[in-house]
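K.L.:
Below are the sequence and a predicted model for it; my questions follow.
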Amino acid sequence: MFIDGTDLDQATGDTLGGRISLARDATDLSVDDAAHMSGVDRSVWEAWENDRDAPIATDLEIVARSLQVSLGWLITGRGVGPKWDS
């Protein structure tokens, strides 16, 4: 993943799937838990994280809420990104 400058809320060089995976890791959720919270099968979630498919708009909102990031960050890499525990 490429971090744009020193601002950890900007991950503009990453893909949508990469940002989904990064945010899931930051929230310490398993793939199964994240998929369940978003109402999709594990295989669908894995396809999103691996950039084999992308969530539709309504799913993007649910994913952003579940992962505690802004919709803007999830889509573009700019905005409120994941918060890592120190």
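P.N.:
Sure, I can see it.
K.L.:
make it CA atoms for all contacts and neighbour counts henceforth
P.N.:
Fine.
K.L.:
Skip the chain neighbours and tell me the closest residue to Leu60.
P.N.:
Sequence neighbours aside, Leu71 is the residue nearest to Leu60 in space, at 7.1 Å (criterion: Cα to Cα, 6 or more residues apart in numbering).
K.L.:
my guess is the one you found contacts Glu61, does it?
P.N.:
Yes. If you go by Cα atoms under 8 Å, Leu71 and Glu61 touch, sitting 6.2 Å apart.
K.L.:
Give me the buried stretch members for the helix or strand that Ser66 is a member of, please.
P.N.:
Applying DSSP states H and E as the criterion places Ser66 in helix 57-67. Across helix 57-67, burial judged by 16 or more other Cα atoms under 10 Å covers Leu60, Glu61, Ile62, Val63, Ala64, Ser66, Leu67.
K.L.:
Surely the fifth one touches Leu74?
P.N.:
Going back to what we said before, that points to Ala64. Yes. With contacts counted by Cα under 8 Å, Ala64 reaches Leu74, the gap being 6.5 Å.
K.L.:
following the one helix or strand Asp32 maps to, which helix or strand shows up next?
P.N.:
Assigned by DSSP H and E, Asp32 belongs to helix 31-38. Downstream of helix 31-38, the next assigned helix or strand under DSSP H and E is helix 42-49.
K.L.:
Sketch out the low-pLDDT regions of this structure for me.
P.N.:
Along the chain, segments meeting pLDDT under 70 span 1-13, 86.
K.L.:
that older thread, got the buried residues of helix 57-67 as TSV, with distance to Ile20 columns?
P.N.:
Formatted as TSV, the buried residues of helix 57-67 follow (distance: Cα to Cα, whole Å):
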residue	distance to Ile20
Leu60	10
Glu61	12
Ile62	12
Val63	8
Ala64	8
Ser66	10
Leu67	8
